[in-house]
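1. Pasting a predicted model and its sequence here:
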2 protein chains.
Amino acid sequence: MDDIDRALIQRLQEDAGQPYAALAASVGLSAGATHERVRKLRERGVIRRTTVEVDPAAVGSGVLAYVMVDSTAWMGDSRAAFEGIAEIQEAHIIAGSASVMVKVRTATTEQLQDVLRRLYAIDGVSGTQATVVLETFFERPLPL
Amino acid sequence: MDDIDRALIQRLQEDAGQPYAALAASVGLSAGATHERVRKLRERGVIRRTTVEVDPAAVGSGVLAYVMVDSTAWMGDSRAAFEGIAEIQEAHIIAGSASVMVKVRTATTEQLQDVLRRLYAIDGVSGTQATVVLETFFERPLPL
DNA sequence: TCTGAAATAGATCAGAT
DNA sequence: ATCTGATCTATTTCAGA
């Protein structure tokens, strides 16, 4: 992981579809060497996958909320229960008063309510505090 | 936006690097027709960009925290101030007691503390409540 | 580990159904 | 709107430094 690798990752975060020749030119290497470096970054798991960023509202997920989930038991083994709720985009174990924090996207607030209902159905869950997002300022790649 | 478009988006979210031929086969179209649909999805802004997912810990951002930012003034015009803090990955205006919620990634908790200091320096900010993530269960694409 | 070129494969376009 | 087939471009591999 040197500066060239970091530069390559940054360029790929901005546009993963660009030709290796363009990528190579931006870091001053040949296409072959660039290809080899990117291959290794993938192999080592630094780059997890290539994906597309989608406009949530355009695919029927216009409502975004963060939900703090309180519990009466250790939630460390409950990953599968959260995975089972399709509308949950992220789930994290957190320090502090709540136990788990989830990021939820739904089409409507009615569907958000239904997600809260399903969260309550998970073993050990004793409460939820939903924070609804009114406007997203920005969502951007990791700093390097 | 029909079922084929949704299927294409889902496949591209899983692997945006796959050949159009493979993508086409998975939805029962020709490569040409598939290419045309994907082009239109990009043109309409449904697909915003092609990018790579990076392991945060591998690039020096192993600490993840969500910070609720309280304020004494309307924060709707403060986008630039939050954008100016590089460690902030997401910033949202929220309903509820706080005004803004930000997602922060840093290498260490010391750097997280420094981000909080810079948040306090923003006009109108009167307080912060940081929630540190201990373990990420999962982060996954949008449901379709 | 990088370079440069050759072989392979995929993207793109024109024309037709 | 989709398909087929031809052209063009990019990716991938490999020998050599």
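-> Noted; the coordinates are in hand.

2. Let me see the domain layout of chain A.
-> Per the record, chain A has its domains at A:3-43, A:56-133, by automatic domain parsing.

3. And stretch A:59-71, what's buried?
-> For stretch A:59-71, the buried set under the neighbour-count rule, 16 or more other C-beta atoms under 10 Å in any protein chain shown, comprises A:V59, A:G60, A:S61, A:V63, A:L64, A:A65, A:Y66, A:V67, A:M68, A:V69, A:S71. Backbone N, C-alpha and C define where each C-beta goes, glycine included.

4. Tell me, how many residues neighbour A:A21?
-> 11 (other C-beta atoms under 10 Å in any protein chain shown).

5. so how far is B:G124 from it?
-> In this structure, A:A21 and B:G124 are separated by 47 Å, where distance is defined by C-beta to C-beta, to the nearest Å.

6. one step back: quick one, which of the domains of chain A is nearest to DNA strand D?
-> domain A:3-43 (3.3 Å; C-beta to the nearest atom of the strand).

7. Not counting its neighbours along the chain, what's nearest the spatially most central residue of chain A?
-> Taking C-alpha atoms, centre = their mean as the criterion, A:E90 is the residue nearest the geometric centre of chain A, at 6.1 Å. Taking C-beta to C-beta, 6 or more residues apart in numbering or on different chains as the measure, A:E90 lies nearest to A:K103, with 4.1 Å between them; neighbours along the chain are not counted.

8. Show me what from chain A comes close to DNA strand D.
-> Selection of chain A residues close to DNA strand D by C-beta under 7 Å from any atom of the strand yields A:Q18, A:P19, A:Y20, A:A21, A:A31, A:G32, A:H35, A:E36.

9. Turn the residues you listed into a markdown table, including pLDDT.
-> Supplementary listing: these in a markdown table, determined by pLDDT from 0 to 100:
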| residue | pLDDT |
| --- | --- |
| A:Q18 | 93 |
| A:P19 | 92 |
| A:Y20 | 95 |
| A:A21 | 91 |
| A:A31 | 91 |
| A:G32 | 90 |
| A:H35 | 95 |
| A:E36 | 93 |
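
10. can you give me the offset of the strand or helix carrying A:Y66 from its chain's centre?
-> Using DSSP states H and E, the element containing A:Y66 is strand A:63-71. On the basis of C-alpha atoms, centre = their mean, to the nearest Å, strand A:63-71 sits 15 Å off its chain's mean C-alpha point.

11. angle of it against strand B:63-71?
-> When axes from the mean of the first three to the mean of the last three C-alpha atoms, to 10 degrees is applied, the directions of strand A:63-71 and strand B:63-71 differ by 110 degrees.

12. Quickly run through the sheet partners of strand A:63-71, with directions.
-> Strand A:63-71 pairs in its sheet with strand A:100-106 (antiparallel), strand A:125-139 (antiparallel), by DSSP bridges.

13. for DNA strand C, what are the nearby residues on chain A?
-> Counting by C-beta under 7 Å from any atom of the strand, the residues of chain A that sit close to DNA strand C are A:I4, A:L29, A:S30, A:A31, A:G32, A:A33, A:E36, A:R37.

14. Identify the residues contacting the third one.
-> Going back to what we said before, that points to A:S30. A:S30 makes contact with A:A24 under the criterion C-beta atoms under 8 Å, 6 or more residues apart in numbering or on different chains.

15. go on, the first one?
-> For A:I4, the set of contacting residues under the criterion of C-beta under 8 Å, 6+ apart consists of A:V27, A:L29, A:R37.

16. from the chain's centre, how far out does the helix or strand hosting it sit?
-> Using DSSP H and E, A:I4 maps to helix A:3-14. Computed by C-alpha atoms, centre = their mean, the separation of helix A:3-14 from the middle of its chain amounts to 19 Å.

17. Any residue of the following helix or strand past it touching chain B?
-> Toward the C-terminus, helix A:3-14 is succeeded by helix A:20-27 as the next helix or strand (DSSP H and E). No: interface with chain B: helix A:20-27 contributes nothing (C-beta under 8 Å from any C-beta of the partner chain), its closest point being 11.5 Å away.

18. I'd like to know which elements helix A:20-27 is packed against.
-> helix A:3-14, helix A:31-43 (3 or more C-beta pairs under 8 Å, 6 or more residues apart in numbering or on different chains; DSSP states H and E).

19. ok, now which ones touch the closest residue in space to A:M75 that isn't next to it in sequence?
-> With sequence-adjacent residues excluded and distances taken as C-beta to C-beta, 6+ apart, A:M75 is closest to A:S99, at 4.6 Å. Under the criterion of C-beta under 8 Å, 6+ apart, the neighbours of A:S99 are A:V69, A:D70, A:S71, A:M75, A:I93.
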